[in-house]
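Undergrad: could you work out the structure for the sequence below:
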Amino acid sequence: MEKRVLYLECESGISGDMTVAALLDLGADQEKLQKALKSLLVGGFRTVISRVKKSGLDMCDFDVVLDQAHENHDHDMEYLHGHSHDHEHHGHDHEEHDHGHEGHDHGHEGHHHGHGPEGHGHSHDHVHEHRGLPEILHIIAHADLTERAKETAARIFRILAAAEAKAHGVPEDQVHFHEVGAVDSIVDIVAAAVCLDDLDITDVVITKLNEGQGTIRCQHGILPVPVPAVMNIVQAHGLPLHITGIQGELVTPTGAAIAAAVRTGAKLPDVFTIKKTGMGAGKRNYEGPGMLRAMLIEEGGEDRDRIWKLETNIDDCTGESLGYTMERLMEAGARDVHYLPVYMKKNRPAYQLNVLCTEEDVERMEQIVFEETTTIGIRRVPMDRTILRRESLTVQTPLGEAKVKVCRYGGTERYFPEYDSVVSLCRAGKKHYQEVYQMVRKACGE
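TA: Predicted coordinates:
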């Protein structure tokens, strides 16, 4: 399966609605998303997808608008600045989708609005829903989603459950999410899972999460930023965190849980191409643009890197020793090992040993050469090289599975059956090498 690599640039933090907006801007199908959201066994909300301006930049905004009974809006700015702070939204081309459902009993309970994963509100006398993890997983399981989207959404909620349980000192099965179980959070998380699935994302790179500082008021009182749920998620999943000088919360628990659930890597390739970019707007107005930028990247094409060449001339070592030395070097991770016949001083026939390896393997390779040969010195040279990006695939042939190396250059693909796979099929099927080799190439579509 071809890799679809997503890079989430969290310079302004990450939240659920920012993630959904960025993925929609990247090309996720709005109709598929709306169909999935309509199938949720929750009501009292509608979604608005629009274009807005943040710091003069055009980007997508995803907004979950709740009715009065479910209202869970983000009022964090009022606590930070002591007054109502208008969103910097100048939208147009709004698309509204009503997802109200009749006849569903969601067990409303009245309470004051508290610290939620997408915001930290002040006291309301509105009615909110208390749901435990089993109820939320039931909603996900019975929604019209693909299995991959269901697994992603469920994984995000399980991460949140563990973080909230640790914060409150209770078992996970006893956590009742009046915050996480709020309708807008369910919608944000399910929407993110649906969009990731629709874009067919296989890998997600997140290098760091930028977070603010200071304090924030919630139902439980005044808490430091990052809030406990975010801290628990970051700690449990090894997310790289960078504290900025911005006063306020940039990373919400929902955003942190999404990052923890989907992140597969923390390092960008040295060289890559950007196929498409999406920008999702945040609702809060802090210093900076307040957005999440998502990029579809590809490692294909030419790449440049650096490799090290080790070489030494040997004129007093047996062929058996040199053969064993090559075996040890390859087993230890050498990229290539070869010998060249040379003539040394006093017309002695000898061999020049050449080893190609990465910089981190230089010391280990030199150790093996000194241990297994009679040399008393090794030359080392760093070398820049241009390589084709490659990946390994498994194809099905009439004789069984075979591994193939795929290299891409100039919009074309080149397929190279792996030697060991071809030999294995030759022996299993009692076939000649060339016959099996062509069979594997045919399975690649060539």
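
Undergrad: quick check: longest helix of this protein.
TA: Criterion DSSP state H: the longest helix present in the chain is helix 147-168.

Undergrad: packing partners for it?
TA: If you count contacts as 3 or more CB pairs under 8 Å, 6 or more residues apart in numbering; DSSP states H and E, helix 147-168 packs onto helix 133-141, strand 176-177, helix 183-198, helix 228-237, helix 253-262. To be clear about C-beta, it is placed using only N, CA and C from the backbone, and glycine gets the same treatment.

Undergrad: quick one, helices of the protein?
TA: So, for the chain - with DSSP H - the helices run 16-26, 30-38, 76-81, 133-141, 147-168, 183-198, 228-237, 253-262, 319-331, 362-372, 419-429, 433-443.

Undergrad: circling back to that earlier point, lowest average pLDDT across the helices and strands packed on helix 147-168?
TA: Lowest mean pLDDT of the helices and strands packed on helix 147-168: strand 176-177, a mean of 62.

Undergrad: picking that back up, out of the helices of the chain, which is closest to residue 10?
TA: The closest of the helices of the chain to residue 10 is helix 253-262. By CB to CB, the value is 7.2 Å.

Undergrad: what's the closest one in contact with?
TA: For helix 253-262, the surrounding residues in contact (CB atoms under 8 Å, 6 or more residues apart in numbering) are 8, 10, 13-16, 18-19, 116-118, 152, 155-157, 159-160, 163-164, 180, 185, 188-189, 192, 196, 201, 204, 206, 209, 227, 229-230, 233-234, 236-237, 239.

Undergrad: for it, the distance to its chain's centre please.
TA: 10 Å (CA atoms, centre = their mean, to the nearest Å).

Undergrad: what angle sits between it and helix 228-237?
TA: Per axes from the mean of the first three to the mean of the last three CA atoms, to 10 degrees, the angle that helix 253-262 makes with helix 228-237 is 10 degrees.

Undergrad: for helix 253-262, list the C-alpha coordinates in PDB.
TA: Written as PDB, here are the backbone C-alpha positions of helix 253-262 (Å, rounded to 0.1, in the frame of the first residue of the first chain):
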ATOM      1  CA  PRO A 253      -7.200  17.700  25.600                       C
ATOM      2  CA  THR A 254      -9.100  16.700  22.500                       C
ATOM      3  CA  GLY A 255      -6.200  18.100  20.300                       C
ATOM      4  CA  ALA A 256      -3.600  16.300  22.400                       C
ATOM      5  CA  ALA A 257      -5.600  13.000  22.200                       C
ATOM      6  CA  ILE A 258      -5.900  13.200  18.400                       C
ATOM      7  CA  ALA A 259      -2.200  13.900  18.100                       C
ATOM      8  CA  ALA A 260      -1.400  10.900  20.400                       C
ATOM      9  CA  ALA A 261      -3.800   8.600  18.600                       C
ATOM     10  CA  VAL A 262      -2.600   9.200  15.000                       C
END
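
Undergrad: can I get the helices of the chain in CSV with mean neighbour count and distance to residue 276?
TA: CSV is the format used below for the helices of the chain (neighbours: other CB atoms under 10 Å; distance: least, CB to CB, whole Å):
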stretch, mean neighbour count, distance to residue 276
helix 16-26, 28, 6
helix 30-38, 17, 16
helix 76-81, 18, 31
helix 133-141, 17, 28
helix 147-168, 21, 21
helix 183-198, 27, 13
helix 228-237, 20, 27
helix 253-262, 28, 18
helix 319-331, 14, 40
helix 362-372, 15, 39
helix 419-429, 16, 35
helix 433-443, 17, 31
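
Undergrad: out of these, nearest to residue 44?
TA: helix 183-198 (6.0 Å).

Undergrad: which elements pack onto that closest one?
TA: Identification of packing neighbours for helix 183-198 by 3+ CB pairs under 8 Å, 6+ apart yields helix 16-26, helix 30-38, strand 45-54, strand 57-66, helix 133-141, helix 147-168, helix 253-262.
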